[in-house]
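Chemist: based on what follows, work out the 3D shape:
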Amino acid sequence: MVASGGSLEEKGLAVEEIGGRARGAGARLGRVLARTARRCGRGLIVVAEGTTLTALGPILDRHAHFSQEVIAIRYRAHHYTDEGERRRTLEDDVRRGLTGRPKSLPPKYFYDITGSKLFEDITEQPEYYLTRTERTLLGAIAPDLMREIGPRDLVELGAGSALKTRLLLDARRDRPVRYMPIDVDESMMQMAASRLLADYPLLSVEAIVGDFEHHLHHVPAPLGRRLVLFLGSTIGNLDPLPRRNLLTRVRALLAPEDRFLVGLDLVKDVAVLEAAYDDASGVTREFNRNILAVVNRELDGNFMPEAFAHVAFYNEAASRVEMHLVPDAPQEIHVGGLSMTVRVAARENIWTESCYKFTRSSAEPMLEEAGLRLAAWHVDPDQYFALALAAPA
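Modeler: Have a look, this model is predicted:
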């Protein structure tokens with residue numbers, strides 16, 4: 001149930017009757033819920049044995065259970081970024097990127113509604129092995145992993161839709177777990193929480209609306225052993241210095257018995273790597289170009305995305321796949337929201353993404369630099385992808 005103060009009727013909540021007996025929200029219970037909502041803030045789901053309320057409001061269209069004796073919060077969101085801050089960060093990033101040498105745009109701006117849908121389509125392309133390989137590997141190790149660690153808290157960086165997280169929750173259904181996703185997209189986390197809370201009765205969700213590179217220190221104090229997740233090889237999108245800074249912050253979240261699970265795409269045949277970022281259907285091309293559409297919409301730009309070719313190649317010296325946007329002809333773009341004009345020469349690159357690839361011998365020192373040690377190394381049979389389990393050093 002979502003509530004933020006006021007009466008149940010004002011919040012669009014209705015009461016179901018179960019088994020012919022009205023287990024309804026009487027005046028006393030309504031007052032309790034209203035007080036709880038005012039005390040705890042936005043985004044509550046209350047749970048205990050007993051009555052069922054159905055939330056008809058706009059955020060979570062799911063059931064919440066409560067008794068008149070005990071109210072336990074099942075969903076709460078902590079906000080550490082807002083629209084104003086997001087806008088200022090976007091302006092700074094785009095101004096800095098488009099005036100730099102080489103020109104660049106940060107890959108986090110791929111993921112508007114269109115970009116998120118395109119990325120889902122990418123994961124279904126035959127060339128893009130990463131998602132299905134990691135999912136299969138995670139499913140294989142999840143039962144033993146969850147049994148050995150026994151986490152009370154799951155913290156996930158860049159959680160998104162939390163689809164792979166279900167593989168871990170499935171292995172812990174019989175125990176209470178608090179799931180703490182960290183993402184800038186609150187609506188995505190709300191939708192994911194809605195589905196998760198409906199499917200896992202012992203789960204609670206405490207979402208952190210923020211940037212995992214800047215807001216990890218806001219993760220609430222642990223309830224017990226903690227498992228921190230960073231899946232999808234998203235760590236490969238970070239250059240070495242930001243990567244080390246992030247891992248150091250992750251280390252600060254861990255007590256001696258806690259663990260960190262990170263997905264790493266591995267170095268492999270160049271043709272396999274490059275095909276994964278330049279599929280034959282052209283989905284990745286449209287995904288890459290969409291970042292220009294984001295600048296157009298958010299900052300009143302007039303990029304012509306179709307004038308830019310999608311270029312992806314493996315930089316062997318740096319162990320990374322790079323994605324660029326390259327025009328065949330000179331481009332002059334006005335970005336009204338920044339009061340600036342950008343000139344891009346023919347064949348000049350706008351660098352949009354780096355995707356670093358790893359080996360075990362490169363992953364171990366990366367972790368050690370941040371005060372972590374490699375505790376387990378899980379790879380698929382083809383040696384395409386690894387899930388590295390790290391512990392405090």
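Chemist: so which bits of the helix or strand hosting residue 368 are buried?
Modeler: Using DSSP states H and E, residue 368 sits within helix 360-369. Residues of helix 360-369 classed as buried: 363-364, 366-367 (neighbour count, 16 or more other C-beta atoms under 10 Å). For the C-beta atoms, the positions are set from N, CA and C on the backbone; glycine is no exception.
Chemist: swap in stretch 209-223?
Modeler: Neighbour-count burial for stretch 209-223 [16+ other C-beta under 10 Å]: 209-213, 215-216, 219, 222.
Chemist: over to stretch 280-299?
Modeler: For stretch 280-299, by 16+ other C-beta under 10 Å, it's 283-296, 298-299.
Chemist: kindly report the same for stretch 139-156.
Modeler: 141-142, 145-146, 149, 151-156.
Chemist: per-residue pLDDT, the closest residue to residue 345 other than its chain neighbours?
Modeler: Computed as C-beta to C-beta, 6 or more residues apart in numbering, the closest residue to residue 345 that is not its neighbour in sequence is residue 330, at 5.6 Å. We have a pLDDT of 98 for residue 330.
Chemist: you'd agree residue 330 is up against residue 347?
Modeler: No - the pair residue 330 and residue 347 does not pass the contact test of C-beta atoms under 8 Å, sitting 9.6 Å apart.
Chemist: just the buried residues of stretch 280-299: which are in helices?
Modeler: 283-296, 298-299 (DSSP state H).
Chemist: nearest to residue 177, out of those: which one, please.
Modeler: Residue 177 lies nearest to residue 287 out of these, by C-beta to C-beta, at 33.0 Å.
Chemist: mind giving me the domain split of the protein?
Modeler: The chain breaks down by automatic domain parsing into domains covering 13-73, 78-306+356-393.
Chemist: and the ones you listed, which is most packed in?
Modeler: Of these, the one with the most neighbours on average (mean count of other C-beta atoms under 10 Å) is domain 78-306+356-393, at a mean of 18.
Chemist: end-to-end on it?
Modeler: For domain 78-306+356-393, the first and last residues are 30 Å from each other (C-alpha to C-alpha, to the nearest Å).
Chemist: still on that earlier bit, closest to residue 379 out of the buried residues of stretch 209-223?
Modeler: residue 212 (25.0 Å).
Chemist: who does the closest residue to that closest one other than its chain neighbours bridge with?
Modeler: Distances taken as C-beta to C-beta, 6+ apart place residue 157 nearest to residue 212, at 4.2 Å, with adjacent residues excluded. Beta-bridge pairing of residue 157 under DSSP bridges involves residue 182.
Chemist: can you pull the contacts of residue 157?
Modeler: Residues counted as contacts of residue 157 (C-beta atoms under 8 Å, 6 or more residues apart in numbering) are 182, 212, 216, 228-230, 234, 250.
Chemist: next: residue 327.
Modeler: Applying C-beta under 8 Å, 6+ apart to residue 327 gives the contacts 307-309, 344, 346-348.
Chemist: could you do residue 308 as well?
Modeler: Listed by C-beta under 8 Å, 6+ apart, the contact partners of residue 308 are 289, 292, 325-327, 331, 350.
Chemist: and the buried residues of stretch 280-299, which is closest to residue 382?
Modeler: For the buried residues of stretch 280-299, the minimum distance to residue 382 (C-beta to C-beta) is 21.1 Å, reached by residue 284.
Chemist: dihedrals phi and psi, the residue lying closest to residue 298 once chain neighbours are set aside?
Modeler: Leaving aside its chain neighbours, residue 298 sits nearest to residue 90 (6.0 Å; criterion: C-beta to C-beta, 6+ apart). Torsion angles at residue 90 (phi, psi; degrees, to the nearest 10) stand at phi -60, psi -50.
Chemist: do the same with residue 223
Modeler: According to degrees, to the nearest 10, residue 223 has phi -90, psi -10.
Chemist: what about the nearest residue to it once chain neighbours are set aside, distance to residue 171?
Modeler: In space, not counting the residues next to it along the chain, residue 223 is nearest to residue 152; the distance is 4.6 Å by C-beta to C-beta, 6+ apart. Noted for residue 152: a distance of 14 Å to residue 171, by C-beta to C-beta, to the nearest Å.
Chemist: before we move on, what about residue 212?
Modeler: Separation of residue 212 from residue 171 (C-beta to C-beta) stands at 24 Å.
Chemist: quick one: contacts for the residue lying closest to residue 173 once chain neighbours are set aside?
Modeler: Spatial nearest neighbour of residue 173, chain neighbours left out: residue 200 (6.6 Å); criterion: C-beta to C-beta, 6+ apart. Counting by C-beta under 8 Å, 6+ apart, residue 200 touches 169, 173, 177.
Chemist: phi, psi of the second one?
Modeler: Note on residue 173: its backbone torsions stand at phi -60, psi -30 [degrees, to the nearest 10].
Chemist: and what of residue 152?
Modeler: phi -90, psi -30.
Chemist: isn't residue 328 up against residue 307?
Modeler: Yes - using C-beta under 8 Å, residue 328 is in contact with residue 307, at 7.4 Å.
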